[in-house]
Structures are given as structure tokens and as C-alpha cells.
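*Asks:* Need coordinates for the below:
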Amino acid sequence: MGVLFGTDGVRGVANRELTPELAFRLGRAGAEVLSREIKRPSIIIGKDTRISSDMLEAALTAGICSVGADVFQVGVLPTPGVAYLTRAMEAAAGVVISASHNPVADNGIKFFGGNGYKLDDAVEEEIEGRVLAEKDESPRASGAEVGRVYDVPGASDRYIEFLKSTVNIDLEGMTIVVDGANGAAYDVAPRLLQQMGARVIPIHCLPNGININAHCGSTYPDSLREAVLEYRADLGLAHDGDADRVIAMDSEGNLVDGDHIMVICGLHLKRQERLPLSTIVVTVMSNLGLHLALKQEGVKILETRVGDRYVLEEMIQAGAKLGGEQSGHIIFLEHNTTGDGVLTALQLLAAVRESGRPLSELARQMTRLPQILVNVKVKDKNALDDCEPVQKSIRRAADLLGDSGRLLVRPSGTEPLVRVMAEGSEERTLRQVIDEVVRAVEKHL
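*Replies:* The predicted structure is shown next:
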């Protein structure tokens, strides 16, 4: 990856690292690269609920219009909703302003091509090269050629209708808690489920610009568990800030993460002969319990490094239609071109309704092996591979685990963190392994 683009677009502290000036240049460069040879191109912009999103939207819009492209603003909408509308409205590109599950001070800008897919490395590098060049060589439209800005009324309604078309169920009689993370799904997710007949208990669905992901959403499931038990709900669903992921909670208060969801949906689709090639793509972070559950039912597993872009690449190459991450970032390629938390929630609900079994029972198809993950904040995550003391501790830890488990140490793709994960049958050994590696990372990085 380059200087600006990480594994999921350009991210940084809003107005310090990700400034309006940078957003303006990204708008100019992105619009030119993604709309070449298109007369009067249109580009869709969506955003999450962060206080900085309006500021960055204004700068990005100005940059896009300055090269002669029109901007269609869809307002607050989940990232996958922007990907869908980019395709449905035949736009030249789509842009999302969001830092997903990151704290409110951060923000990000990511692009979709006209086909609704995230950009490949070569295209991102070309955009980055133009942004960082000493001389701005992108065209400057004038007169009637300057781009215009349009609002898109009913954008969220259009996305909801698309989501409904992916299943053939009703939710009458179900009580569902929805945690919107005070983010992009705060309106769409509860409204969709209500329209399908469910009794919805919304929590963290009152964004004020600064409470996005604040001890809520898919990375903080405690309040979801409390609400599910308090309201005796059938299940709960929690999204992250831009709603490209979801985790669930069963009626007993047990967490149902992305691995469980892939097992539940994958086996349900296989039994209906709707899982192409009987194949699911996962990352190296997926629990060993997922591997055991799927292999037992004859499902082939393809494994990639962490990041939904790598999952998607492998899915396309292999012809698979289901893949994702333990975090709840799951791609149903039959329906959408990127991870879609609200769509995934619907597919999970379809498995519950069509099987006639509660989520708690379906989740027991997978037995989760002990897994410990520690995130260590570091000054330079890219120094991990060349730091011999840390690598030495990793080798010692791996030897201690032996064949009974596995160790994964990697830099985060979006934050200044090193993630240390150990997995195996004995939790005591896992903690010993984790402690040794974490101490080395803290000391040397």
C-alpha cells in the first residue's frame, strides 16, 4: 500500500491528518482517474454520522466538481448502500466518508468504481500519485463545464427496498434489538426490520455527531446483551459506524460473531444447494472451530490474510459467493459487492426463519476454541517484521504452542496497532504466549 491509502481507503485524524485540503485533492484526482472518457460523469457521495463528515464532504464535493463531474449526495448511508447505489444509478464512481469502527476523531475516504467494487491497488496508486505530485495536472473545468451538486431524495428507501429483495421472509412475531452504533445504520436498520414485521428495540440509534462507536456497536456488545436479556428478545444485532459489519447476540446472551454467522449461513445455503462450489472464503483470524464445523459438513475453506479486500479478491478468483471475517464483515457476493452488515443480518434472519430453529441452536453448530486477541498501540507498526527481539519472542511463543494451537502477530491495516492473537485448546498456555509477545512488542515497538 502507498503513503495515503491503507487497506480500507485513506484514514486519519480529521482536520489534522485527513484535512479538507487533502479531501479536495482526493476529490480532484479520484474524479479524473475514475471517470476518464465519460462525458459529464456523476459521482455518488455518502457519509457516516461523524461531526467531521460534513466538512470533508464539502471539500471532496468541491474537488470533484472542479474537474467537471457532478456530485450526487445521498447523505448518511451505510457504506454498502453507497456501493449498491453506485451500480444502480450507473455512476462513474462512489465515495464514502467514514472511518468505520474507529473513534469519532478519525475519519476516512474510500472510493468505489462504477461496478460497486473497491478499487484495486493500481488505481489507488494512480490517484495517490496525482494527489502527492508537486504540480496538480488534473483539468479545471470552467463555465458550464463545472460540476453541479444534487441531493438524492429517498436514497435510504431505495437501499431498503434492495435489501428486502434479497430474502423471502417476514419477521412477524420476532423481537429484535438493533444497536446502530450511533452511526450510518441508525435509521436504515431499525426501519427495515420494522417494515418486515419485527418488533424492534433500537439502542444507540440517536447520533449527535460525536457519539459514533462510543462504547456501543459491534465492538462493544455488552449493552446489546443487556438489552436482549432485558426485553427477552429473540436476538440482537449490532453494527459498526459505517454498517459494513454486524455481530449478533442470541436470546441467552451469547455472542454470535462473524465466524458463527458464516457457519450458520454457509451451512443453511449448502443444505438448500445455494452455496456455489460448497466453498467459503475466510481470513487467518477465523477461529479453528469454524474450520472444524464447515469441514465436517463438506464445505471447502479458502484462507486469506486479514482484510475484506483480500477476501473479495479470493472469492472472485475462486468463484465463491460467501466469505468474510470474524469481525462480522461478511460478503454475500450474490447480492452486493462489498461487506454489508444490514444485508448479512437479513441473511442470518432468513436462516433462523427458514430453518425454524432459534439462533442459539444454530450457533451451536460451531464450537469456538479459546482465542485471545490483544491490540498493542505502537509508534511504528511497519517495523514489526524487522524487529529481531519481537520476532524472537514470536518464535519462542510458537514453539510453546506447538501443534496444539497457533499464533498470529500482524500490524493493523487501519490503526497504529499490532494485533497479537493466540488460539488453542488450553487457555492458560495461550495467556502465557500472549503475555510474552505483548511485552516484547511494548518494549521494542
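
*Asks:* burial count for I280?
*Replies:* 29 (other CB atoms under 10 Å). (Glycine included, C-beta is placed from N, CA and C.)

*Asks:* do K164 as well
*Replies:* When neighbours are counted by other CB under 10 Å, K164 registers 14.

*Asks:* Show the backbone phi and psi for it.
*Replies:* Note on K164: backbone dihedrals following degrees, to the nearest 10 are phi -60, psi -30.

*Asks:* pLDDT score for P370?
*Replies:* According to the prediction, P370 has pLDDT 89.

*Asks:* Please disregard the earlier target; I meant G2.
*Replies:* 62.

*Asks:* L373 should be in a helix, yeah?
*Replies:* No: with DSSP: H, G, I helix; E, B strand; the rest coil as the criterion, L373 is strand rather than part of a helix.

*Asks:* wait, what's in contact with the closest residue to it other than its chain neighbours?
*Replies:* Leaving aside its chain neighbours, L373 sits nearest to M421 (4.6 Å; criterion: CB to CB, 6 or more residues apart in numbering). Counting by CB atoms under 8 Å, 6 or more residues apart in numbering, M421 makes contact with M285, Q371, I372, L373, V374, L407, L408, V409.

*Asks:* Surely M421 is in a helix?
*Replies:* No: assigned with three-state DSSP, M421 falls outside any helix and is strand.

*Asks:* From G402, how far out is it?
*Replies:* 17 Å (CB to CB, to the nearest Å).

*Asks:* same question, D187
*Replies:* 50 Å.

*Asks:* neighbour count winner among these two?
*Replies:* Shown here are D187 and G402; by other CB under 10 Å, D187 has more neighbours (19 against 10).

*Asks:* Do you know the pLDDT at the residue lying closest to the more buried one once chain neighbours are set aside?
*Replies:* Nearest residue to D187 in three dimensions, chain neighbours excluded: S156, at 6.4 Å (CB to CB, 6+ apart). Residue-level confidence at S156 comes out at 98, pLDDT.

*Asks:* count of residues packed around S156?
*Replies:* S156: 22 neighbours (other CB under 10 Å).

*Asks:* pLDDT on the helix or strand harbouring T86, on average?
*Replies:* Using DSSP states H and E, T86 sits in helix 79-88. Averaging pLDDT along helix 79-88 gives 98.

*Asks:* Stretch 438-445 too?
*Replies:* In this model, stretch 438-445 has a mean pLDDT of 93.

*Asks:* Regarding this protein, what is its longest helix?
*Replies:* Scanning the chain for the helix with the most residues, using DSSP state H, yields helix 427-444.

*Asks:* outside of that one, which residues touch it?
*Replies:* 370-372, 374, 376, 378, 384, 387, 389-390, 392-394, 396-397, 400-401, 404-405, 407, 409, 418, 420, 422-424.

*Asks:* Okay, and which of those map to strands?
*Replies:* Per DSSP state E, strands hold the following members of the contacts of helix 427-444: Q371, I372, V374, V376, G405, L407, V409, V418, V420, A422, E423, G424.

*Asks:* quick one: the fourth one and R274, what's the gap?
*Replies:* This means V376. In this view, V376 and R274 are 41 Å apart by CB to CB.

*Asks:* what helix or strand does the residue positioned nearest the centre of the chain sit in?
*Replies:* For the chain, the residue nearest the mean C-alpha position is D244 (4.0 Å; CA atoms, centre = their mean). Using DSSP H and E, D244 is not contained in any helix or strand.

*Asks:* contacting residues for G180?
*Replies:* The neighbours of G180, taking CB under 8 Å, 6+ apart as the test, are Y186, D187, A189, P190, P202, I203, H204, C205, P207, G217, H239, A243.

*Asks:* The fourth one: how many residues sit nearby?
*Replies:* Residue neighbour count, defined by other CB under 10 Å, stands at 22 for P190.

*Asks:* Three-state assignment for it, please.
*Replies:* Of the three states, P190 takes helix under three-state DSSP.

*Asks:* Pretty sure it sits against P202.
*Replies:* Yes: at 4.5 Å, P190 and P202 qualify as touching, with contact defined as CB atoms under 8 Å.
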